[in-house]
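# Got a predicted structure here, sequence first:
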Amino acid sequence: MVKALSRLRKHILISTVIQLVIVIILTTLYFINVFDLQRLLTVEVALIITLIAIVFNVLYGWIHVAVVMRARMKENVSSLTLLGGDVREVYDFGAIGLVLVDKDFNIVWANELFKERRLYIVDKNILTWQPELTRLVELSESLYEEESLLKLEIESRNYEVKYLAKAGLFLFRDNTEFEYLFEKSQANAPVLGLITIDNYNEIIDRDEMINPVISAVVNEVFDYCRNFGALVKQYRDDSFIVIMNKQTLDEMYEDKFSLLDTVRNKTEMLDFKTTLSMAVAHNFPDVMKLNDLVVNALDTALARGGDQIVIATHGEETEYIGGAGSQSERRNRTSIRLYADTIFRHIRDAKNVLIMSHTQTDLDALGSSLGMKELADYIKHKQKDNEKFPTAKILYDPAKTETKTRAALEQSFSQDEFEEYFISNDKLDEEKGAESLINSQTLLIIVDVSRPSITLNPALIERVDNIIVIDHHRRTGEFIDTRIYDYIETAASSTSEIITEIMYYGNTTDFKISEKTATLMLAGIYLDTNYFRSNTTGSRTFFASMILEDWGADVLIADDFLKDEFEEYTLITKILASLETLQPGIVILKAGEKDIVTPETLAKAANTTMRIKGINAVFVVGYTSPDVVKLSARSDGTVNVQLISEKLGGGGHQASAAATMEKRTLEQAYETIVETIEHFIHLARTT
């Protein structure tokens with residue numbers, strides 16, 4: 001039919017031109033009176049000629065319109081023949097609209113779906129009728145033609161449109177009912193939740209407070225869930241199970257889960273501030289799977305310090321809400337002794353012990369590894385059967401160790417001592433058979449990290465069945481799920497502090513670590529607390545430091561391990577000169593475009609900046625290799641830098657965190673960090 005219309009336009013144009021030429025010629029001849037036309041061409045003759053011309057034009061137009069209509073009918077018949085009666089029924093039943101356009105995107109044919117819906121679109125330009133389709137045309141004419149789809153709303157109905165460029169055909173699939181049913185099913189999808197009282201044990205330790213505080217918490221939990229139409233049951237003295245649908249979860253999300261703030265504020269008025277942790281799981285039809293998700297999510301919330309909500313969406317990233325404030329020290333001698341006894345039991349049951357920390361091993365990771373190595377050797381030595389056993393080995397990779405840590409090792413250990421304490425990844429893999437340190441009874445103790453991807457040897461986690469995690473960083477969605485036990489205390493300043501307490505409060509009356517290990521552990525505490533300036537420093541931090549000094553830690557040597565070389569000091573000064581204020585108290589620093597700096601230099605620049613009065617949080621970014629940009633963040637406790645770092649794919653502690661961004665330029669990483677800070681800083685503030 002497109003060809004017929006083209007011929008019609010062409011013929012009409014030619015006919016009009018011919019008639020116009022004839023009129024001009026006759027008029028010219030008339031005025032110069034050729035052939036005595038002025039006498040022959042009377043008014044009556046002129047009227048007859050005009051009438052003949054009109055009749056000719058009418059007949060000519062009618063004939064061509066008839067030809068076009070016949071072409072249109074033929075094309076409709078051809079389309080029906082092409083589709084077939086059954087196929088047409090399928091298209092009608094599936095509410096699929098077909099629209100054929102010419103090269104100018106004028107609609108030349110549409111199936112019955114549009115007429116039935118009173119959409120008379122033939123002869124209109126489809127891009128004028130629906131301008132959004134312009135983008136679809138651009139995509140469909142690219143290499144990804146088969147994947148080009150566009151969602152469109154026309155007259156309150158939802159369509160999914162596809163354009164076949166070669167055929168000049170638009171396909172409209174009406175999915176209004178499908179989307180309605182999908183939204184309804186999503187809104188009514190099951191959601192499983194768990195709520196727990198974080199400091200329940202502290203409450204029951206104070207008999208005079210237990211009744212009013214617990215009653216206030218229980219009432220608030222039930223009232224909150226009742227207001228949102230969620231079913232809640234108390235299945236333990238300190239825990240509740242919540243059953244709801246996705247719509248209710250969305251409403252709670254919009255409310256920002258105000259239950260946590262309400263409980264915290266109300267119990268504070270009772271002179272005993274209580275916090276809650278909540279976990280929810282959804283986006284999966286099997287409630288057993290949701291149960292696994294929500295239990296793991298609650299474990300994550302508690303491991304991250306509590307006072308927060310963890311939303312586990314199946315197939316998507318876990319979301320964390322709250323938890324910006326610092327956590328109070330909830331450890332006591334009894335609980336630490338219980339942790340220690342469990343760890344000691346697993347060490348006794350093991351045939352051999354391996355200890356591993358994280359990449360870019362710092363002094364805290366090294367110190368805590370050394371402490372665990374000497375403790376494990378002591379426990380194995382004290383076993384009643386006193387069998388010969390291999391000493392614990394610390395995994396070490398100089399290429400993945402910070403410069404200051406390598407220097408401290410070289411200064412503290414002789415070559416023989418080094419071989420006794422440490423083992424490389426290569427040597428560990430080389431040992432086979434009876435000599436191998438990896439077997440079904442191997443115990444792997446991972447310190448100062450709980451994310452498998454940033455451990456010194458992630459593959460080792462898959463090869464060992466028995467794993468213990470000891471850490472002070474907040475747990476993220478990425479976690480070592482195959483562990484048999486973990487001790488994660490986010491209120492601790494460092495992992496060296498945690499292990500010092502395990503050694504001191506455990507049933508190890510005559511145990512004492514070597515002076516060099518005590519010194520390195522003290523240096524680790526100095527590093528993670530910025531010489532006790534961090535808000536994570538508590539009474540237990542000072543007590544752990546005193547214990548290490550009693551065991552022979554040399555304060556001067558520990559301090560010397562952290563001192564800067566002149567070149568590093570110069571580089572830090574250069575970085576400090578780039579300081580830029582993003583918000584009052586929030587600053588960002590950037591290393592030079594041509595500078596390759598170590599992660600510890602970035603951390604040192606951040607620590608130095610935190611000594612400036614009026615600064616609450618600092619973010620330092622720079623190249624650590626040509627294609628890797630690293631962020632180091634510090635705060636005084638009024639800003640949770642771990643929350644910001646986590647949004648950038650990193651993690652850490654409330655007052656000390658980091659993130660790594662690969663395959664980005666420094667400027668791109670800088671802009672991403674600034675945008676993230678501006679977007680999430682209101683959530684990260686704790687005061």
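Yep, that arrived.
# what's the spacing between the spatially closest residue to Asp554 that is not a sequence neighbour and Gly367?
Leaving aside its sequence neighbours, Asp554 sits nearest to Thr519 (C-beta to C-beta, 6 or more residues apart in numbering; 4.9 Å). C-beta here means a position set from N, CA and C on the backbone, and glycine is covered the same way. Distance, Thr519 to Gly367, using C-beta to C-beta, to the nearest Å: 8 Å.
# which stretches of the stretch 401-550 of the chain have low pLDDT?
Applying pLDDT under 70 to the stretch 401-550 of the chain flags residues 433-434.
# Next, the buried residues of stretch 553-571.
Using 16 or more other C-beta atoms under 10 Å as the test for burial, stretch 553-571 gives 553-554, 557-558, 561-562, 568, 571.
# no, scratch that, I was asking about stretch 603-615
603-610, 615.
# By mean pLDDT, flag the weakest helix or strand of the chain.
The weakest-scoring helix or strand in the chain, judged by mean pLDDT, DSSP states H and E, is helix 43-93 (a mean of 60).
# Walk me through which strands the helix or strand following that helix pairs with, and which way each runs.
Heading C-terminal from helix 43-93, the first helix or strand you meet, by DSSP states H and E, is strand 96-101. Strand 96-101 pairs in its sheet with strand 107-110 (antiparallel), strand 169-174 (antiparallel), by DSSP bridges.
# neighbouring contacts of strand 96-101?
For strand 96-101, the external contacting residues (C-beta atoms under 8 Å, 6 or more residues apart in numbering) are 91, 107-111, 113-114, 121, 126, 159, 168-174.
# List only buried entries from those.
Neighbour-count burial (16+ other C-beta under 10 Å) applied to the contacts of strand 96-101 gives 91, 107-111, 113-114, 121, 126, 159, 170-174.
# Of these, which is the nearest to Glu430?
Using C-beta to C-beta, Arg173 comes nearest to Glu430 of these, at 60.6 Å.
# and the residue nearest to that closest one when sequence neighbours are not counted, which of the three is it?
Of all residues not flanking Arg173 in the chain, Glu160 sits nearest, at 4.7 Å (C-beta to C-beta, 6+ apart). Under DSSP: H, G, I helix; E, B strand; the rest coil, Glu160 falls in the strand class.
# could you point out which element follows the strand or helix carrying Leu338?
Counting by DSSP H and E, the element that carries Leu338 is helix 333-349. Scanning forward in sequence from helix 333-349 by DSSP H and E, the next helix or strand is strand 352-356.
# Show me the contact partners of the helix or strand containing Tyr569.
If you go by DSSP H and E, Tyr569 is part of helix 566-576. Residues outside helix 566-576 that contact it (C-beta under 8 Å, 6+ apart): 564, 589-592, 595, 597, 601-602, 604-605, 608-609, 620, 622.
# Spatially, which two of these are the most separated?
Using C-beta to C-beta, these span at most 19.4 Å, a distance reached by Asp564 and Lys590.
# So, low pLDDT: which residues of the stretch 201-350 of the chain?
For the stretch 201-350 of the chain, the stretches with pLDDT under 70 are 205-210, 323-331.
# any idea where the strands of it begin and end?
Assigned by DSSP state E, counting those that start in this stretch, the stretch 201-350 of the chain shows strands spanning 231-236, 239-245, 276-282, 308-313, 319-322.
# Could you do the stretch 351-500 of the chain as well?
For the stretch 351-500 of the chain, applying DSSP E, counting those that start in this stretch gives strands covering 352-356, 393-395, 422-423, 442-447, 466-471, 485-488.
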